[in-house]
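Engineer: Sequence and predicted structure are below.
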Amino acid sequence: MLKFSHIKQAEQSVDKEVTIAGWVHRKRQSGGVAFIIMRDSTGTMQIAVKKDKVDAASWKAVTDTTIESSIIAEGIVKEDKRAPTGFELEAANFSNTGISEPFPITEFQSTELLLDKRHLWLRSQKMTGILKARAYLFKYLRDFLSEKQFWEVTPPIITKAGGEGGADMFAIDFFGTKAYLTQSSQLYLEALVPVLEHVYDLVPSFRAEKSRTVKHLAEYWHLEVEAGYYSQEDNMKLQEDMIEYVCQRFVKEQGSLLQSLNVDANRLSVVKAPFKRLTYDEALKQLKQNGIKKEWLDDIGAEDEKVLTEKEEKPIFIYKWPLKIKAFYMREDPDNPEFALCSDMQAPHGHGEIVGSSERVYDYKEMADRLNKYGLQEKDYYWYTDIRKYGTIPHSGFGLGVERLLKWMLDLDHIRDAIPFPRMANRVEP
């Protein structure tokens, strides 16, 4: 295996000889001098190649190289303020690993072409930065939950029963039996509460919704948490602390990355608990004041969420939802059975819902009654109701859409840019 320095390592080796490998980002050549901007996973560096300083094979390689060709360059690193990043490699040897055909993406392209060529558009500096931020987000979420002594688990993706009754799920033929791609791992996480008490997973979920909004994906990454002996108040506090933790770590550790993505770090630095809370009734009243009429039991949609959050600087909770419009597993408020012990966290600046959460029904008889009331067959949930028969405990949990969180944090126009290969109602390739 050939040994190379990454560009960020090479910048620490001024006046030393290094070998770097990457792809051609920009190229300009005049007479016997060529300047090539090379990129790798850590950044970019200018390579200066002079015809009279390299052998014939190296100069031919420079002449032949094209945008997005893969290259290897060897030489001395110099500080040079004229170079785009302040550093330059004075090449002694230059070679092509793979010559690129004319690159099909130029400066001005349609959204559809960029989606059709997604496998190539990922090489753009914008998408490179987003994917790095996404990787850090996954790490920070895991770090937070690990510090809180939660165990990461791996529930199945293929399931017989849906978290909310099988609606909007992708059905598959599982060796002659009808099954589904999961829309939520919540039920399986609940089964793991009596095993590990506090658990989470970070896996894909699938929703067969034909929504074509800026915040919907058919396949997305889902952080789900279940915690034994957590009330809904504990649950909401955990969510607040987690979002604060992630935002503050980004500000502290990823300032240059945020800057490269034109993200104002101040919009994340202000995100500290506690978060503002609105009851469902208060939300309806606020919408009415903005000219949007909502009836009791109406859902709060994407446009409503935008109105409620566009002037906020940090997330808000909407809680005390009517039980009748919530999922079968949500526990009713003992102080007022008309409401569920649940909440939705809404991202600020109009980005909308990022977390849904609730206390779970943990009494067996209550769960059996609830399944019947929602028209669900207990036999399809036998293992789920078994949890309530054998040593049940109070517990609560939440589900967070990672791409929705990233969309807000980076202020992206569309959720499709928060994931490498978006799957939407109208797109299943590349």
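Structural biologist: Here it is on my side, so go on. Note that the structure is a prediction, hence the values are computed from the model and not measured. Numbers count the residues shown, from 1 in each chain.
Engineer: Quick check: the gap between Tyr319 and Phe339.
Structural biologist: 9 Å (C-beta to C-beta, to the nearest Å). The way it works is simple: take the backbone N, C-alpha and C, and place the C-beta from them, glycine included.
Engineer: Please enumerate the shared neighbours of these two.
Structural biologist: Overlap of the contact sets of Tyr319 and Phe339 (by C-beta atoms under 8 Å, 6 or more residues apart in numbering) consists of Tyr280.
Engineer: Among the two, which residue is more densely surrounded?
Structural biologist: Counted by other C-beta atoms under 10 Å, Tyr319 and Phe339 do not tie: Tyr319 has more neighbours, with 24 against 20.
Engineer: Leaving out the residues flanking it, which one is nearest to the more buried one?
Structural biologist: Nearest non-adjacent residue to Tyr319, counting by C-beta to C-beta, 6 or more residues apart in numbering: Ser343, 3.9 Å away.
Engineer: That neighbour touches Ile316, doesn't it?
Structural biologist: No: using C-beta atoms under 8 Å, Ser343 is not in contact with Ile316, being 9.9 Å away.
Engineer: of the two, who's got more company?
Structural biologist: Ser343 (26 against 21).
Engineer: buried sites along the helix or strand the more buried one falls within?
Structural biologist: Assigned by DSSP states H and E, Ser343 belongs to strand 342-347. Going by neighbour count (16 or more other C-beta atoms under 10 Å), the buried part of strand 342-347 is 342-347.
Engineer: what's the closest of those to Ser5?
Structural biologist: Of all the buried residues of strand 342-347, Ala347 has the smallest distance to Ser5: 39.6 Å, by C-beta to C-beta.
Engineer: can I get the buried residues of strand 342-347 in CSV with pLDDT and distance to Thr85?
Structural biologist: Converted to CSV, these look like this (pLDDT from 0 to 100; distance: C-beta to C-beta, whole Å):
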residue, pLDDT, distance to Thr85
Cys342, 98, 49
Ser343, 98, 46
Asp344, 98, 43
Met345, 98, 39
Gln346, 98, 39
Ala347, 98, 33
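Engineer: Overlap of the contact sets of Ser343 and Ile316?
Structural biologist: When C-beta under 8 Å, 6+ apart defines a contact, the residues bordering Ser343 and Ile316 alike are Arg277.
Engineer: which stretches of this protein form helices?
Structural biologist: Remark: helices assigned in the chain by DSSP state H are 7-10, 56-64, 111-116, 118-121, 125-147, 186-196, 232-253, 255-260, 266-269, 280-289, 302-309, 364-373, 382-389, 402-409.
Engineer: Give the bridge partners for the residue nearest to Tyr319, please.
Structural biologist: Tyr319, Ser357 (DSSP bridges).
Engineer: Please name the residues that touch it.
Structural biologist: With contact taken as C-beta under 8 Å, 6+ apart, Ser343 is in contact with 232, 235-236, 277, 317-319, 321, 356-358.
Engineer: 10 Å - rerun?
Structural biologist: Residues near Ser343 by C-beta atoms under 10 Å, 6 or more residues apart in numbering: 232-233, 235-236, 239, 277-280, 316-321, 355-358, 398.
Engineer: same deal with Asp234?
Structural biologist: 227, 359, 396.
Engineer: Most neighbours of all those residues, which one?
Structural biologist: Of all those, the highest neighbour tally under other C-beta under 10 Å goes to Ser396, namely 26 neighbours.
Engineer: Can I get the buried residues of strand 342-347 in a markdown table including distance to Ala208?
Structural biologist: Shown next, in a markdown table, are these (distance: C-beta to C-beta, whole Å):
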| residue | distance to Ala208 |
| --- | --- |
| Cys342 | 23 |
| Ser343 | 25 |
| Asp344 | 21 |
| Met345 | 24 |
| Gln346 | 24 |
| Ala347 | 24 |
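Engineer: Could you point out which of these is nearest to Val307?
Structural biologist: Nearest to Val307 out of those is Gln346 (C-beta to C-beta; 10.7 Å).
Engineer: Gln286 is in contact with that closest one, correct?
Structural biologist: No: with contact defined as C-beta atoms under 10 Å, Gln346 does not count as touching Gln286 (11.9 Å).
Engineer: Between the two, which contacts overlap?
Structural biologist: Common neighbours of Gln346 and Gln286, using C-beta under 10 Å, 6+ apart, are 278, 304, 308.
Engineer: got a winner among the residues you listed for most neighbours?
Structural biologist: Leu308 (23 neighbours).
Engineer: Would you mind stating the distance between that one and Phe398?
Structural biologist: Using C-beta to C-beta, one gets 19 Å for the distance from Leu308 to Phe398.
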